[in-house]
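>>> missing the sequence, but the structure's below:
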């Protein structure tokens with residue numbers, strides 16, 4: 001199952017300090033803005049999202065329908081189909097996507113160690 005582009009979404013205390021830190025590691029701002037309290041940083045194919053005040057814990061994020069450049073890909077598995085596959089394997093779904101909708105949608109699962117995974121489709 002292809003889950004799309006992968007990034008780590010970090011809950012940060014000070015967006016400017018985190019931006020500077022990741023820039024020192026060679027990342028550049030790819031998307032987002034300071035006024036919206038989030039930045040997506042990129043280094044090669046690696047993506048790190050920095051989010052201030054948006055969620056409590058760090059997340060693993062997958063974006064079906066996008067590549068690592070946030071470019072739409074033609075051949076992808078819709079978020080609702082991924083959700084159905086995980087449900088069929090008895091994986092609990094949190095904030096389920098409406099299975100009767102189309103287009104952008106998301107849902108969350110939690111791995112056995114409590115790590116949150118966001119499946120977030122923007123197309």
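Yes, it's here. All of these numbers come straight from a predicted model, not from anything done at the bench.

>>> can you pull the contacts of the closest residue to residue 105 other than its chain neighbours?
Counting by C-beta to C-beta, 6 or more residues apart in numbering, residue 105 lies nearest to residue 97, which is 3.8 Å off, once chain neighbours are set aside. C-beta: built from backbone N, CA, C; applies to glycine. Contacts for residue 97 (C-beta atoms under 8 Å, 6 or more residues apart in numbering) come out as 79-80, 83, 105-107.

>>> centre-most residue in the protein?
Nearest residue to the geometric centre of the chain (C-alpha atoms, centre = their mean): residue 61, 2.8 Å.

>>> and the pLDDT at that residue?
Listed pLDDT for residue 61 reads 97.

>>> quick revisit: neighbour-wise, which one of the contacts of residue 97 leads?
Greatest neighbour count in the contacts of residue 97, by other C-beta atoms under 10 Å, goes to residue 79: 27 neighbours.

>>> helix or strand: which one has the residue nearest to residue 105?
According to DSSP states H and E, residue 97 maps onto no helix or strand at all.

>>> circling back: in a strand, that's where the residue nearest to the centre of the chain is, yeah?
Yes - when DSSP: H, G, I helix; E, B strand; the rest coil is applied, residue 61 is found to be in a strand.

>>> my read: it touches residue 115, true?
No - applying C-beta atoms under 8 Å, one finds residue 61 not in contact with residue 115, separated by 11.6 Å.

>>> this structure: strands as residue ranges?
5-12, 28-33, 38-43, 46-52, 59-63, 105-110, 116-121 (DSSP state E).

>>> who does the fifth one pair up with?
Next to strand 59-63 in the sheet, as set by DSSP bridges, lie strand 5-12 (antiparallel), strand 116-121 (parallel).

>>> and that strand, how far out from the chain's middle?
Strand 59-63 sits 3 Å away from the centroid of its parent chain (C-alpha atoms, centre = their mean, to the nearest Å).

>>> equivalent analysis for the third one, please.
Once both centres are worked out by C-alpha atoms, centre = their mean, strand 38-43 turns out to sit 12 Å from its chain's centre.

>>> mind listing what's buried along it?
38-42 (16 or more other C-beta atoms under 10 Å).

>>> need these in CSV (columns: pLDDT and distance to residue 57).
Listed next are the buried residues of strand 38-43 as CSV, based on pLDDT from 0 to 100; distance: C-beta to C-beta, whole Å:
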residue, pLDDT, distance to residue 57
38, 98, 15
39, 98, 18
40, 98, 18
41, 98, 19
42, 98, 22
